[in-house]
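S.K.: Output the structure for:
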Amino acid sequence: MTYTSITHAGNDHSFWRKGLEFYEDDIQIMETRLAEVASKNNSFEARQGVEHFQNQFIVQRNNMDELNHEINLYVQKLGEDSQKHQGHIEMSMLADHDTLQQKYEVFEKIMNGIRHEFNDFLGKWM
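M.R.: Here you go, the predicted structure:
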């Protein structure tokens, strides 16, 4: 097996965790605004939009939970591997890092898309 210094893994996991906290707050803000729309509009079209976004927020919270869990497992695995190999980790851990980076970027892109769609919805119904 090939090993590298744990410093090559970087601190991206901290950035990802902070990002997930931000998106959790963002969803809470959007839910508050969604409740305002729901209380002021009872048309069929508005209710459809409200239900759509409620479902999106549920799905994205689940995605955040799963991603956060994967990040926690990765950090734990990094620590264990680093302890076993005196500050070094298996090179395969860098592939895990890249996979998590891609998952985080996809999640971020989805959340930005939802936010833009939600703002368009708010513009129509507020």
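
S.K.: So which residues of the chain form strands?
M.R.: Assigned strands in the chain, in chain order: 3-5, 88-90 (criterion: DSSP state E).

S.K.: mind listing what's buried in the first one?
M.R.: To tie it back to what came earlier, the one meant is strand 3-5. residue 3 (16 or more other CB atoms under 10 Å). C-betas here are computed from N, CA, C, even on glycine.

S.K.: Show me what that strand pairs with in its sheet, parallel or antiparallel.
M.R.: Looking at strand 3-5 with DSSP bridges, its partner strands are strand 88-90 (antiparallel).

S.K.: chain center to the partner strand: distance?
M.R.: Chain-centre distance of strand 88-90: 27 Å, with CA atoms, centre = their mean, to the nearest Å.

S.K.: do stretch 91-100 as well
M.R.: Between the centre of stretch 91-100 and the centre of its chain there are 18 Å (CA atoms, centre = their mean).

S.K.: same question, stretch 75-93
M.R.: Stretch 75-93 sits 24 Å away from the centroid of its parent chain (CA atoms, centre = their mean).

S.K.: Repeat that for stretch 114-123.
M.R.: Distance, centroid of stretch 114-123 to centroid of chain: 19 Å (CA atoms, centre = their mean).

S.K.: could you give me the average pLDDT of it?
M.R.: The average pLDDT within stretch 114-123 is 98.

S.K.: Other residues contacting that stretch?
M.R.: 26, 30, 33, 34, 37, 49, 53, 56, 60 (CB atoms under 8 Å, 6 or more residues apart in numbering).

S.K.: In CSV: these, plus pLDDT, distance to residue 3 and neighbour count.
M.R.: Listed next are the contacts of stretch 114-123 as CSV, based on pLDDT from 0 to 100; distance: CB to CB, whole Å; neighbours: other CB atoms under 10 Å:
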residue, pLDDT, distance to residue 3, neighbour count
26, 98, 39, 17
30, 98, 44, 21
33, 98, 50, 16
34, 98, 49, 23
37, 97, 54, 19
49, 98, 52, 22
53, 98, 47, 22
56, 98, 42, 19
60, 98, 37, 19
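
S.K.: between these, which is closest to residue 2?
M.R.: Comparing the contacts of stretch 114-123 against residue 2 with CB to CB picks out residue 60 as the nearest, at 37.1 Å.
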